[in-house]
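Asks: just need the structure, nothing else, for what follows:
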Amino acid sequence: MHNHYTPEQKMLADGVERFVREHGRFEQWRKLTAAGAAYDEDNWRRMADMGWLALAIPEKHGGFGASAADTMIVAEGIGRGLLREPFVSTSVMAARLLARAGTAEQCKLFEGMADGSVRIAVALGEAAGRFHLNSVRTRAIPSGAGFRLSGEKSWVPDASTAHWLIVPARTRGSEGDASSISLFLVAADSPGLRRTDFRSPDHQHISQLQMDGLDLPESALLGPLHEGLALLEYAVDHAIAARLAEACGAMDAVSEMTLDYLKVRKQFGTTIGSFQALQHRMVDMSIACEESRSMLQLALDGLDAPPAQRRRSIAAAKARIGQCGLYVGYQAVQLHGGVGTSDELAVSHYLKRLAMIDTAYGNADFQRDRFIALSDAVPAAVSQDAASTVEQEQMA
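Replies: Got it, this is the predicted structure:
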């Protein structure tokens with residue numbers, strides 16, 4: 001992926017690398033985690049000052065109108081530094097949704113999103129939904145001059161610090177019906193909205209939302225009525241690509257840590273990095289990192305393709321990078337030995353993060369099924385490389 005950088009993207013990548021080196025220290029991460037902080041507010045402000053939060057915001061709304069590849073550069077740095085800033089939630093997924101479907105009034109939020117004063121979370125996960133975006137039980141029924149929202153969202157990253165929530169709800173039909181989902185922009189402090197916060201295994205802050213007769217004005221509708229699923233799929237595919245870039249950054253970081261450890265850890269009178277068997281395992285980790293970058297490029301190339309082809313490319317990349325990430329994480333912990341599992345060492349936390357990225361929006365098993373289901377919708381010649389990758393992985 002680095003070979004495809006334009007001069008401007010190279011400058012951005014250099015800035016992100018410096019930022020992570022100076023402000024992504026593991027000691028600060030542990031301090032914030034122990035204090036219960038959802039993210040580093042100083043880092044969020046710095047990211048806003050450097051313009052990164054405005055990358056996906058259209059130029060007509062004061063942003064840069066940058067490509068997905070530009071936002072992936074920042075996401076990769078977030079993964080490398082194990083950062084928890086809500087960049088993907090607000091500056092990728094929510095920004096893409098507002099840019100495509102927001103009214104003039106709703107798009108006024110872009111100003112606050114760019115300067116970091118407004119954060120938005122997208123409430124996707126529902127109990128028993130198993131990552132299917134059309135599996136929505138939350139309902140919005142007409143009520144007076146607006147809608148009444150009722151239901152539950154069981155897994156909402158970054159909601160605890162969000163000012164607004166984008167909530168998919170069923171406005172007609174039954175569960176699973178793809179043509180009856182609408183999106184609503186909901187203030188996080190709305191009466192009738194209850195939030196329960198908890199932490200995921202990688203210390204990300206997650207929330208459960210309960211909506212009991214939450215009354216919304218008609219202006220809360222984001223996009224056309226009943227036609228929110230296509231918008232949601234588009235934004236989620238961009239979010240998946242960003243998480244995959246984050247995974248690539250994390251894999252590179254933990255591989256470098258492991259290589260450095262092998263060069264200094266001594267056993268039997270010599271550094272363990274001199275053992276050929278361990279060298280081979282490091283080579284396998286490096287191959288997994290490079291393979292993941294190739295699949296990330298496939299995902300990026302597919303983001304501008306027709307919807308079925310886009311979803312197929314994203315599914316292929318998500319399946320393979322998820323598995324490569326887990327492989328690299330497990331190898332890193334094992335090559336560190338017992339200390340690799342300790343809370344005091346960053347390696348164990350990178351493994352946890354890679355595991356949660358694999359699970360986010362559907363793990364490798366789910367994405368393989370999704371890839372196969374989309375096969376009939378995409379000409380075979382269009383995605384032959386992606387199909388070959390997934391089929392080889394299944395055989396392995």
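Asks: any idea which residue sits dead centre in this structure?
Replies: residue 243 (3.4 Å; Cα atoms, centre = their mean).
Asks: how about residue 152, nearest residue that isn't a chain neighbour?
Replies: What sits nearest to residue 152 in space, not counting adjacent residues and going by Cβ to Cβ, 6 or more residues apart in numbering, is residue 210, at 5.3 Å. C-betas here are computed from N, CA, C, even on glycine.
Asks: element containing that neighbour?
Replies: strand 205-217 (DSSP states H and E).
Asks: who does that strand touch, helix- and strand-wise?
Replies: strand 146-157, strand 164-170, strand 181-187, strand 193-199 (3 or more Cβ pairs under 8 Å, 6 or more residues apart in numbering; DSSP states H and E).
Asks: so which of those is the most packed in?
Replies: Of all those, strand 164-170 has the most neighbours on average by mean count of other Cβ atoms under 10 Å, namely a mean of 25.
Asks: rewinding a little: from residue 214, how far off is the residue nearest to the centre of the chain?
Replies: To residue 214, residue 243 is 29 Å away according to Cβ to Cβ, to the nearest Å.
Asks: so which residues make contact with stretch 141-150?
Replies: Contacts of stretch 141-150 with the rest of the structure, by Cβ atoms under 8 Å, 6 or more residues apart in numbering, involve 138-140, 167, 169, 171, 184, 186, 192, 211-221.
Asks: tell me where this protein has strands.
Replies: 120-122, 139-143, 146-157, 164-170, 181-187, 193-199, 205-217, 221-222, 266-267, 270-271 (DSSP state E).
Asks: identify whichever of the ones you listed lies nearest to residue 247.
Replies: Closest approach to residue 247 among those (Cβ to Cβ): strand 146-157, 15.3 Å.
Asks: and the longest helix seen in the chain, what's buried?
Replies: Using DSSP state H to define each element, the chain has its longest helix at helix 228-264. Within helix 228-264, the residues that qualify as buried are 228-255, 257-259, 261-262, counting by 16 or more other Cβ atoms under 10 Å.
Asks: what about the nearest residue to residue 85 once chain neighbours are set aside, neighbour count?
Replies: In this structure, residue 85 finds its nearest non-sequential neighbour in residue 39, 4.7 Å apart by Cβ to Cβ, 6+ apart. Using other Cβ atoms under 10 Å, residue 39 has 19 other residues around it.
Asks: ok, residue 39 to residue 197 distance?
Replies: Applying Cβ to Cβ to residue 39 and residue 197 gives a distance of 13 Å.
Asks: try residue 289
Replies: Distance from residue 289 to residue 197, by Cβ to Cβ: 34 Å.
Asks: name the residues contacting each of residue 39 and residue 197.
Replies: Common neighbours of residue 39 and residue 197, counting by Cβ under 8 Å, 6+ apart, are residue 205.
Asks: beta partners of the residue nearest to residue 140 when sequence neighbours are not counted?
Replies: Excluding the flanking residues, the one nearest residue 140 by Cβ to Cβ, 6+ apart is residue 169, at 3.9 Å. Beta-bridge pairing for residue 169 (DSSP bridges): residue 182.
Asks: quick one: which of the strands of the chain has the weakest pLDDT on average?
Replies: Least confident of the strands of the chain, judged by mean pLDDT, is strand 266-267 with a mean of 88.
Asks: so what touches that strand?
Replies: Under the contact criterion Cβ under 8 Å, 6+ apart, strand 266-267 has outside partners residue 272.
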